[in-house]
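Asker: Need a 3D model of the sequence below.
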Amino acid sequence: MELRMIKTFQTVVRLGSFQQAAEVLRYSQPTITMHIQKLESDLGTKLLFRGKTIQLTEAGRVFHERADQLLKDYDSLSSTLNDLVQGEAGQVRFGISEPTASSRMPGILSDFLSRHPKIQPSLKIGDSKMLNRLVIDEELDFAVCPSPELHVDTEFEPLLYEPMGLLVYDSHPLASRKDIMLHELKNEKFLLTPPNCPFRIRIEKQLYESLNEAFHGIEVSSILAHKHYVQAGLGISIAPILTVTPLVPGTRLIRIADLDFGPVAGILRKRSVKLGSAAEKLLGEIRDALRSENADRQLDDGLAIRLA
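Answerer: You can find the predicted model right below:
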């Protein structure tokens with residue numbers, strides 16, 4: 001039983017004429033007759049009585065009542081499958097780390113979904129280590145995060161450099177400074193991210209090299225919360241500038257002249273996994289947004305940023 005034969009039957013019943021149905025469907029009249037006969041053969045029952053007028057059999061009435069819904073369901077299924085193929089529908093599971101999760105992604109995702117409303121994204125927010133594991137286990141299609149310690153099965157595409165700064169409270173002795181050197185931070189109490197955080201590891205290395213001594217700190221796992229703890233006078237924070245701006249009242253941001261690194265955000269994915277069309281479309285949108293921001297920042301700041 002072919003859909004074109006069902007459409008032919010419905011058209012014949014609607015118009016009440018084989019000849020008119022042939023004209024509307026652009027078939028010959030013998031083709032219309034053949035479609036009806038083949039449909040009746042497939043169903044094993046007669047659907048129409050032909051005379052001066054066309055009359056439905058009891059089976060024909062039941063089939064006619066349900067065929068419209070069958071055609072609608074088919075059209076809906078066909079449209080859904082076409083959307084999936086074209087990347088206009090489907091689920092996308094992706095991971096994201098801070099600060100991009102809170103500061104960039106809402107705008108990127110809002111704009112994307114306004115143009116692709118049938119795509120259903122699912123976001124998992126976490127650190128690079130956790131997201132790397134989820135990508136390897138194929139629980140995520142891809143992740144947006146700083147480069148983790150890569151697994152043999154994963155690859156990372158760097159896209160955006162995150163500049164760092166020193167956040168202090170208003171009454172801090174350094175609060176009036178525009179820039180400082182790391183060696184000037186002796187005896188300071190720092191707010192620190194978790195030990196496995198990639199840029200904490202880099203910060204600690206540079207602090208040890210600059211201070212030539214141990215330093216003290218309070219661990220506050222969420223980098224986004226640091227500015228509030230600085231505001232309360234609990235310590236100072238070396239953090240990506242995006243995470244501490246806009247500044248909260250009572251805090252100041254200072255440039256660190258000899259801090260020569262910052263985390264690099266990019267796309268993490270599993271090498272062997274071919275993404276669906278919807279996931280590729282969203283990934284491309286995120287890639288373009290991060291590249292554009294990185295290019296704009298270089299122009300604004302006159303920086304030659306390397307993403308290697």
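Asker: From now on I want contacts and neighbour counts done on CA atoms only, so please keep to that.
Answerer: Noted.
Asker: how much space is there between the closest residue to G16 other than its chain neighbours and D137?
Answerer: Closest residue in space to G16, ignoring its immediate chain neighbours: I54 at 6.0 Å, by CA to CA, 6 or more residues apart in numbering. Using CA to CA, to the nearest Å, one gets 62 Å for the distance from I54 to D137.
Asker: what bridges to the residue nearest to G16?
Answerer: Beta-bridge pairing of I54 under DSSP bridges involves R50.
Asker: Can you show me the helices along the stretch 51-200 of the chain?
Answerer: 58-86, 100-103, 105-115, 128-136, 198-211 (DSSP state H, counting those that start in this stretch).
Asker: T243: which of those helices is closest?
Answerer: Nearest to T243 among these is helix 100-103 (7.8 Å), distances taken as CA to CA.
Asker: pLDDT weak spots in the stretch 201-308 of the chain?
Answerer: Along the stretch 201-308 of the chain, the model assigns pLDDT under 70 to residues 297-308.
Asker: mind listing what the residue of the chain positioned farthest from its centre touches?
Answerer: Distance from the C-alpha centroid of the chain, by CA atoms, centre = their mean, peaks at K52 (61.9 Å). K52 is in contact with no residue at all, counting by CA atoms under 8 Å, 6 or more residues apart in numbering.
Asker: so how far is S222 from it?
Answerer: 81 Å.
Asker: Check R255 too.
Answerer: 22 Å.
Asker: neighbour-wise, which of those two wins?
Answerer: Ranked by neighbour count (other CA atoms under 10 Å), R255 and S222 place R255 first, with 18 against 13.
Asker: quick one: contacts for the more buried one?
Answerer: With CA under 8 Å, 6+ apart, R255 has these contacts: 164-166, 178-180.
Asker: same deal with T193?
Answerer: 200, 219-223.
Asker: And the contacts of R255, which two are furthest apart?
Answerer: Top of the distance list for those (CA to CA): M164 and K178, 13.9 Å.
Asker: So these two - more neighbours on which side?
Answerer: Comparing M164 with K178 by other CA under 10 Å, the one with more neighbours is M164, at 24 against 12.
Asker: Does the more buried one have any beta-bridge partners, and if so which?
Answerer: P240.
Asker: Which pLDDT value belongs to it?
Answerer: M164 is assigned 89 on the pLDDT scale.
Asker: Same check on D83?
Answerer: pLDDT at D83 comes out at 56.
Asker: wait, E149 sits on K129?
Answerer: Yes: using CA atoms under 8 Å, E149 makes contact with K129 at a distance of 7.5 Å.
Asker: Just give me the neighbour total for the residue nearest to E219 when sequence neighbours are not counted.
Answerer: What sits nearest to E219 in space, not counting adjacent residues and going by CA to CA, 6+ apart, is L192, at 4.6 Å. Applying other CA under 10 Å, we find 24 residues neighbouring L192.
Asker: can you pull the contacts of L192?
Answerer: Residues counted as contacts of L192 (CA under 8 Å, 6+ apart) are 200, 217-221, 237.
Asker: Great, nothing more from me.
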